[in-house]
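A.B. asks: sequence first, then the predicted structure:
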Amino acid sequence: MAVRERAEAVLRRLAGDHARLREDQWRAIEALVVDRRRVLCVQRTGWGKSAVYFVATALLRDGGRHGPTVIVSPLLALMRNQVESAARAGIRARTINSANLDEWDEITAEIHAGAVDVLLISPERLNNPDFRDGVLPKLAATTGLLVVDEAHCVSDWGHDFRPDYRRLRTFLANLPERTPVLATTATANARVTQDVAEQLGDALVLRGTLDRESLRLGVLDLPSPAHRLAWLADHLDRLPGSGIVYTLTVAAATETADFLRGRGWSVASYTGQAEDADRRAAEQDLLDNKIKALVATSALGMGFDKPDLGFVVHLGAPPSPIAYYQQVGRAGRAVEHAEVLLLPGVEDAAIWRYFASLAFPPEEQVRAVLAALDTDRPISTQALEPVVDLRRTRLELMLKVLDVDGAVRRVRGGWLATGEPWVYDEARLRRVADARAAEQRAMREYASTSGCRMRYLREGLDDTGAQDCGRCDNCAGPLFDAAVSDQALTAAQTFLGRPGVPIPPKKLWPTGLEAVGVPLKGRIPPAEQALAGRAVGRLSDLGWGGRLRGLVGPEAPDGPVPDDVVAAVVEVLKAWAHGDDPWPRRPVGVVAVGSRTRPLLVGSLAERIAAVGRLPLLGQVVPAGGGGPRGNSAQRVRALHDAFLLPDELAGALAELDGPVLLVDDLVDSGWTMGVVARLLRRAGAPDVLPLALAVAG
């Protein structure tokens, strides 16, 4: 039987008797199976990229002449879907990831025995020391086909660059000669395509049209988060089938799902902070159409496959048209039409700025880490935190980039410097930052354009065949208006106006403080801890977030606490006293955290609380050097350890108390200011400390 006939037969087992290979699908399969080439497929979502590598796998494995296909995939959701899809074609697929640690030995044995056709792994797995040193060399030597899914992640010009993907260069270098390689993505402009192709080396690039005939794009400009929630509650029944509501933050996903459930809608939330079992259950409920919508962050993105998804709504705009195109591409794969709506918010830009702040750090911080790692013993990420003033997320990202660049190496127990020369490429980092800023401008332009929206997205991805779609709200007229019912708007305003979020107490000191001269380690003694506290809201909340950012954000001026915020604090105190998780004892006094940046705000807040609660204002702890913003917990504790003084009058008052004090501040970021000051008060005699703040960061 000819190769194409065999390929068509496998496709029918995979997708049904009606299925036929597209011409570019066949060209990719032929290049992989017959010519043993490297191929980059840049094709729209739903085009059938997975069919290419499953068919190629079946042909290569026919007769057992070739080793397993290794698919490098970014998300567990994709892995689960792919294993199920492969089984339909008689392809034995297994996955090695953080969720099945107890199966690794069994799977490794199956691979060595030739019983696995497809192995799916995450890019992070490539640099797990045990996997890298014990499994990867044999796997690379026997791989029959390497597949790099979502290959735009390889390029730091892309919207979703992931340093772990760069480790594929090592995998590629260790493959036997003429091992075919397939890289696939739906979201790569010309620059990213060229970068990925160059990293693959001598690759056949198959780039197709990025039009999505089933999608009807639209934008609704609504004045507030409450209006956006109310619009959803009023109009969700007009959106076809089941779909996804994307939000920019975890807090927004949780709030939106809670509100919609309260209005009678069957929805679930999906975030990276949820337990794996909960995410799986939510995915399955959407796949089975048991819920109307999954309210999700970008954690539900690449790889989630529901062909009959009827709509995608965004509450807030992603930071680039390319990221937006990728997410809306989840909809309308196997239905005639799907609705895609963007509901942008004025707060979007602040969220974009936060994520941009996680970019690669300045050279002096990088050099400090390299110097610390120039040792014979590996150092863990936690132990590095006292050495360099970076948040854990940024520090881990930096280490991954240095690892990929060959400057450091991950080993059992942590990291080591390799001693290899390394250059800080400031010019390239600046160009990447400029590219990100341009993407954000383009996203704002997408929301405001009067031209065809699909054409705008396709041109942003350098699709040379882009033309007006005739379907979007600008081409064919809007299908939805911005009207919301008074009832839904009132309900949304009431829901979002509810103040009160918890402040968890600190119970463990950061690792490594003794090495930098701070004699603290291990568990914080219970007699020196604060109790759980409360704040009005999070800076990322849909409801209170905007109001609080105007008071405690980096550009906010200092001034007395406004009356409406005082009223919200009173509501928080009432709920704290009489709610489901009340304070153990009523406070007997108020203490303010002395503030360098907003003394009027914090001072007036403490005064108003004392007056409302008829409590004595005992005074404030005084800032005395140190302090200031710090990147990670170890650096913050190091800076805060001796940063406050307790006036004698306040110390005397604390020693005579017979109940808790309310410790008042404006913003809780890491929580260490409250933790360190609470310890100071407890050691001076305060029986308990109840932290109270206007806002919690995040």
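C.D. replies: Structure received.
A.B. asks: just checking, next helix/strand downstream of the lowest-mean-pLDDT helix or strand in the chain?
C.D. replies: Averaged element by element with mean pLDDT, DSSP states H and E, the chain has its least confident helix or strand at helix 76-88 (a mean of 67). Using DSSP states H and E, the helix or strand that follows helix 76-88 in sequence is strand 93-96.
A.B. asks: could you say what helices and strands whatever helix or strand comes next after that next one packs with?
C.D. replies: Counting by DSSP H and E, the next helix or strand C-terminal to strand 93-96 is helix 104-112. Helix 104-112 is packed against strand 93-96, helix 136-142, with contacts defined by 3 or more CB pairs under 8 Å, 6 or more residues apart in numbering; DSSP states H and E. C-beta coordinates here come from the backbone N, C-alpha and C atoms, glycine included.
A.B. asks: quick check: which of the ones you listed is nearest to residue 499?
C.D. replies: Of all the helices and strands packed on helix 104-112, it is strand 93-96 that lies closest to residue 499, at 43.6 Å by CB to CB.
A.B. asks: need the contact partners of that closest one.
C.D. replies: Residues outside strand 93-96 that contact it (CB atoms under 8 Å, 6 or more residues apart in numbering): 79-80, 82-83, 86-87, 103-104, 107, 110-111, 116-121, 125, 131, 135.
A.B. asks: tell me the buried residues within the residues you listed.
C.D. replies: 79-80, 82-83, 86, 107, 110-111, 116-121, 125, 131, 135 (16 or more other CB atoms under 10 Å).
A.B. asks: identify the residues contacting residue 320.
C.D. replies: By CB under 8 Å, 6+ apart, residue 320 lies in contact with 159, 436, 439-440, 442-443.
A.B. asks: among the residues you listed, which are in helices?
C.D. replies: Of the positions in the contacts of residue 320, 436, 439-440, 442-443 sit in helices, assigned by DSSP state H.
A.B. asks: for stretch 541-559, the distance to its chain's centre please.
C.D. replies: Put simply, stretch 541-559 sits 23 Å off its chain's centre (CA atoms, centre = their mean, to the nearest Å).
A.B. asks: would you mark the buried spots in that stretch?
C.D. replies: For stretch 541-559, burial by neighbour count (16+ other CB under 10 Å) applies to 541-549, 551-552, 556.
A.B. asks: first-to-last residue distance for that stretch?
C.D. replies: 22 Å (CA to CA, to the nearest Å).
A.B. asks: that's a strand at residue 573, yeah?
C.D. replies: No: Residue 573 is assigned helix when assessed by DSSP: H, G, I helix; E, B strand; the rest coil, not a strand.
A.B. asks: next up, phi/psi of the residue lying closest to it once chain neighbours are set aside, please.
C.D. replies: Leaving aside its sequence neighbours, residue 573 sits nearest to residue 613 (CB to CB, 6 or more residues apart in numbering; 7.0 Å). Phi and psi for residue 613, reported as degrees, to the nearest 10, are phi -90, psi 0.
A.B. asks: I'd say residue 410 and residue 396 touch.
C.D. replies: No: contact criterion CB atoms under 8 Å: residue 410 and residue 396 do not qualify, at 10.7 Å.
A.B. asks: more neighbours: which of those two?
C.D. replies: The neighbour count for residue 410 versus residue 396, taken as other CB atoms under 10 Å, is higher for residue 410 (18 against 14).
A.B. asks: if I pick the more buried one, what's in contact with it?
C.D. replies: Each residue near residue 410 by CB under 8 Å, 6+ apart is listed here: 127, 129, 399, 403.
A.B. asks: just the pLDDT at the closest residue in space to the second one that isn't next to it in sequence, thanks.
C.D. replies: Which is residue 129. Nearest non-adjacent residue to residue 129, counting by CB to CB, 6+ apart: residue 412, 5.2 Å away. We have a pLDDT of 87 for residue 412.
A.B. asks: which ones are touching residue 412?
C.D. replies: For residue 412, the contact set (CB under 8 Å, 6+ apart) comprises 129-130, 378.
A.B. asks: now residue 547
C.D. replies: 537, 564-565.
A.B. asks: which one (most neighbours) among the residues you listed?
C.D. replies: The most crowded member of the contacts of residue 547, judged by other CB under 10 Å, is residue 537 (26 neighbours).
A.B. asks: quick check: that residue touching residue 497?
C.D. replies: No: the criterion here is CB under 8 Å, and residue 537 misses it with residue 497 at 9.8 Å.
A.B. asks: dihedrals phi and psi, residue 337?
C.D. replies: Here is the backbone geometry of residue 337 (degrees, to the nearest 10): phi -150, psi 150.
A.B. asks: give the burial count for it, as a bare number.
C.D. replies: A count of nearby residues for residue 337, using other CB under 10 Å, gives 14.
A.B. asks: who touches it in this structure?
C.D. replies: By CB under 8 Å, 6+ apart, the contact list for residue 337 reads 214-216, 240, 471.
A.B. asks: what ranges do the helices span in the stretch 201-350 of the chain?
C.D. replies: Per DSSP state H, counting those that start in this stretch, the stretch 201-350 of the chain carries helices over the ranges 225-235, 250-262, 276-287, 321-328, 348-356.
A.B. asks: out of those helices, nearest to residue 68?
C.D. replies: With CB to CB as the criterion, residue 68 lies closest to helix 276-287 of the helices of the stretch 201-350 of the chain, at 24.9 Å.
A.B. asks: helices and strands around the closest one, which ones?
C.D. replies: If contacts are counted by 3+ CB pairs under 8 Å, 6+ apart, helix 276-287 sits against helix 76-88, strand 267-270, strand 293-296.
A.B. asks: okay then, goodbye and thanks.
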